[in-house]
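In: output the structure for:
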Amino acid sequence: MTVLLIAGSPSEKSRSAALLDGVQQRLRRRGAHVERLQIRDLSPQALILADLGHRSIADAVQRLANAAVVVVATPVYKAAYSGVLKVFLDLLSQTALAGKTVLPLATGGSPNHMLALDYALRPVLQSLGAKQILPGIYATDAQVKLSSQGAYQIDEDIGARLDEAVHTLITETLRPPPPTGRRFAPVPFSQVRCSV
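Out: As a prediction, this is how the structure comes out:
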């Protein structure tokens, strides 16, 4: 089963991308197959014109269709998810997330925009048919700091929440079905014995 990480930031390096990196590392350590989709790398003209026939858009839509789990990360601007992500989500069909589990991630300058996950992004994910949307993880600039070496570092609290979310994804969605040899054979009712 594939996990598709969708980076909804217009910047190559960002705090929301750092959250995706954290999820990616945790999933790979647990043996999950992970792919990444950078919305910023898609054809801007094809995105704006909703050109589903364009190669970059068609490939992105197919990758989404093939994924069992989708992790969406976005910066929050003016109490909403990024415009780059909105343009991509707008061109998807109403059933693009049908049967999929989704983990939303967001970053913002302060805790004041935390509800953008629940009031802006979650309704859109739900309208696209997501089977399950896990509780979102929101991190402020103070929780994803830029180090002197130019790399973003996630604080302990956010790291623990990412650990919990990945554990849920692995155990509830990505866990393989039990081998058929471990199941009990059906017992005919005539062989059932009970004592009183």
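In: OK, contacts around the residue positioned nearest the centre of the chain?
Out: In the chain, the residue lying closest to the centroid (C-alpha atoms, centre = their mean) is residue 71, at 0.9 Å. With C-beta atoms under 8 Å, 6 or more residues apart in numbering as the criterion, the residues that contact residue 71 are 3, 4, 5, 6, 20, 23, 102, 103, 104, 105. Any C-beta I mention is one placed from the backbone N, CA and C, and that applies to glycine too.
In: ok, those vs residue 92, which is closest?
Out: Distance ranking of those against residue 92, using C-beta to C-beta, places residue 6 first at 10.9 Å.
In: tell me where this protein has helices.
Out: Chain-ordered helices for the chain, with DSSP state H as the definition, fall at 15-29, 44-48, 55-66, 83-90, 116, 122-127, 156-168.
In: the ones you listed: lowest mean pLDDT?
Out: With a mean of 90, helix 116 has the lowest mean pLDDT of these.
In: which residues touch the nearest residue to residue 43 once chain neighbours are set aside?
Out: Taking C-beta to C-beta, 6 or more residues apart in numbering, and ignoring the residues beside it in sequence, residue 43 has residue 56 as its nearest neighbour in space, at 4.7 Å. Taking C-beta under 8 Å, 6+ apart as the contact definition, residue 56 lies against 41, 42, 43, 46.
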